[in-house]
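Peer 1: fold the following and give me the result.
(one chain, ligands or ions: 1)
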Amino acid sequence: MVKKAELHVHLEGTATPALVRELAGRNGAELDPTTFASDGEFRWDDFWDFLKCYDKAAAAIKSIDDYRAVTYDYLRRCAEEDVIYVETFSSPDHAAAAGMSYVDHLEGISAGIDDARRDFGIECRIIVTCVRHLGASSATQVARQVAQNPHPYVVGFGMGGDEAMHHPADFAPAFNIVHEAGLPTTNHAGEFGGPDSIRATLEHLPVVRLGHGVRAIEDDQLVEELAEKAITLELCPGSNIATGLYENYKSHPINRLMEKGCRVTISSDDPPFFATSVGREYEQTAKAFGWNEATMQQITQNAIEAAFCDEGLKEQLLAQL
Ligand SMILES: [Zn+2]
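Peer 2: Below is the predicted model of the structure:
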């Protein structure tokens with residue numbers, strides 16, 4: 001099987017309904033009954049409803065050991081699909097909402113990474129994210145925590161949440177704090193926003209990757225610019241299909257973006273919410289476009305080359321391909 005690497009996945013959004021229930025049971029936390037559908041899966045209708053469902057599920061993750069368990073369980077599932085590297089987003093705002101400090105949530109995630117490396121040989125690093133719809137001052141607070149608490153597994157900074165809220169320029173102070181501390185950054189853009197949202201991100205934020213960025217395909221000049229600047233696109237086809245952006249894998253622009261010279265990667269975003277996994281994303285995309293193993297391996301190589309981890313780890317990962 002082709003070795004795989006993932007750059008775009010939200011840690012709280014990797015917890016399966018079963019794990020969320022287990023954690024809630026262990027913590028005596030009460031879960032909002034609307035979190036689940038009658039078949040036991042997460043219940044949501046559109047992207048905004050998905051964000052709410054995400055928050056309800058994330059509320060079950062309350063302790064250092066919970067974060068360890070969520071991280072370990074996800075990396076175990078990834079390793080079973082020959083994923084050798086995961087770069088996961090953590091969200092201190094979600095941790096804080098569940099009563100946990102920045103340092104504690106990182107301690108839990110790090111323990112999960114260490115345990116998964118020991119048991120499955122998989123590697124993982126953390127990109128700390130702020131939440132766009134919580135606004136600029138929350139984002140700046142998260143950025144300060146990142147800059148003031150250097151951590152060997154925290155390799156970057158990013159922003160998720162509702163792209164319709166606020167302007168990228170509002171978050172320049174947050175991104176600049178982390179950038180000046182020497183960490184690379186990425187931002188969700190060109191998912192629900194069009195090409196303008198990508199241009200605004202490139203203009204105002206010091207990003208070297210884009211979360212999704214898929215809607216660049218609507219603007220030829222922008223696609224050229226992304227290719228020229230070697231801005232890596234963290235593409236998540238299954239996520240885009242689940243939230244209604246594209247009808248199916250065949251109509252997803254990943255192949256066209258690649259043909260136009262963009263550096264593309266494949267990730268799962270929030271796998272149990274979108275009924276997917278890294279393995280399924282690789283498989284479905286390859287099937288839709290008739291990709292051979294060499295193309296899929298190239299996707300993995302793209303991801304490792306664009307990863308925010310140190311060069312030594314990158315070399316180790318590339319040697320496994
Ligand atoms: Zn995302």
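
Peer 1: going forward, measure contacts and count neighbours with C-alpha atoms only.
Peer 2: OK.

Peer 1: give the other helices and strands that the strand or helix carrying A57 contacts.
Peer 2: Element membership for A57 (DSSP states H and E) is helix 47-58. The contact analysis (3 or more C-alpha pairs under 8 Å, 6 or more residues apart in numbering; DSSP states H and E) places helix 47-58 against helix 17-27.

Peer 1: can you get me a residue count around S91?
Peer 2: 24 (other C-alpha atoms under 10 Å).

Peer 1: residues contacting the helix holding A57, please?
Peer 2: When contacts are defined by C-alpha atoms under 8 Å, 6 or more residues apart in numbering, helix 47-58 is touched by residues 12-13, 17, 20, 31-32, 35, 42-44, 94, 98, 161-162, 243.

Peer 1: same question for it, mean pLDDT?
Peer 2: Averaged across helix 47-58, pLDDT comes to 91.

Peer 1: can you give me how far it is from the chain middle?
Peer 2: Relative to its chain's centre, helix 47-58 lies at 15 Å (C-alpha atoms, centre = their mean, to the nearest Å).

Peer 1: quick one: buried residues of that helix?
Peer 2: Using 16 or more other C-alpha atoms under 10 Å as the test for burial, helix 47-58 gives F47, F50, C53, Y54, D55, K56, A57, A58.

Peer 1: can you check what angle separates it from helix 17-27?
Peer 2: 40 degrees (axes from the mean of the first three to the mean of the last three C-alpha atoms, to 10 degrees).

Peer 1: export helix 47-58 as CSV, just CAs?
Peer 2: Extracted in CSV, the C-alpha atoms of helix 47-58 (Å, rounded to 0.1, in the frame of the first residue of the first chain):
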residue,chain,number,x,y,z
PHE,A,47,-21.5,23.6,7.4
TRP,A,48,-22.8,25.9,10.2
ASP,A,49,-24.7,23.1,11.8
PHE,A,50,-21.5,21.0,11.5
LEU,A,51,-19.6,23.6,13.4
LYS,A,52,-22.2,23.4,16.2
CYS,A,53,-22.1,19.6,16.3
TYR,A,54,-18.3,19.7,16.4
ASP,A,55,-18.5,21.9,19.5
LYS,A,56,-21.0,19.6,21.2
ALA,A,57,-18.8,16.6,20.6
ALA,A,58,-15.6,18.4,21.5
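
Peer 1: could I get the buried residue list for the helix or strand just after that helix?
Peer 2: Per DSSP H and E, helix 47-58 leads on to helix 64-80 as the next helix or strand towards the C-terminus. Within helix 64-80, the residues that count as buried by 16+ other C-alpha under 10 Å are 64-76, 78-79.
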